[in-house]
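Enquirer: For reference, the sequence and a predicted model appear below.
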Amino acid sequence: SDGDAVPDYVSKYFDIDVLASDAVSGSMTGAEIVGACRETAFQMMRTLIDSDSDLDGTPSRKTVESYMRLLMETLESTLSSTSPLLSNAHVLEEYTRFENERK
């Protein structure tokens, strides 16, 4: 449906299919994805604070595009480097047992 469509301003900088792929975020829990997004936000804040750019004025289109590309790269890297809890066979077994007991 159109409600699920990725807005143009997002798809211009972010490849949602890559971010949602098994290679990047497969078998991650929602909490792990949220944590990776928070870590990315902190990394980007550090980058902005450490940069020499003038943050008081309106940034140029080139600056915004540069930061958006960097944000995508940083998010993909953070997601890829996060070890999903459910990738641990013992944890997955316990989780599956717990889920089956609830049925």
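Expert: Right, received. Where do you want to start?

Enquirer: What is the subsequent helix or strand relative to the one helix or strand in the chain whose mean pLDDT sits lowest?
Expert: Here the helix or strand of the chain ranked lowest by mean pLDDT, DSSP states H and E is helix 8-11, holding a mean of 76. Downstream of helix 8-11, the first helix or strand assigned by DSSP states H and E is helix 16-19.

Enquirer: Where do the helices of the protein begin and end?
Expert: In the chain, the helices defined using DSSP state H lie at 8-11, 16-19, 22-25, 30-50, 61-81, 89-102.

Enquirer: Could you export these as CSV, including mean neighbour count?
Expert: The C-beta positions use only the backbone N, C-alpha and C, and glycine is treated the same way. Listed next are the helices of the chain as CSV, based on neighbours: other C-beta atoms under 10 Å:
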stretch, mean neighbour count
helix 8-11, 10
helix 16-19, 13
helix 22-25, 14
helix 30-50, 13
helix 61-81, 15
helix 89-102, 10
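
Enquirer: These: lowest mean pLDDT?
Expert: Mean pLDDT is lowest for helix 8-11 among the helices of the chain, at a mean of 76.

Enquirer: mind checking how far that one is from the chain centre?
Expert: 15 Å (C-alpha atoms, centre = their mean, to the nearest Å).

Enquirer: For it, C-alpha coordinates in PDB please.
Expert: Provided in PDB are the C-alpha atoms of helix 8-11 (Å, rounded to 0.1, in the frame of the first residue of the first chain):
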ATOM      1  CA  ASP A   8      11.700  10.100  -1.700                       C
ATOM      2  CA  TYR A   9      13.800  12.100   0.700                       C
ATOM      3  CA  VAL A  10      14.600   8.900   2.700                       C
ATOM      4  CA  SER A  11      15.200   6.600  -0.300                       C
END
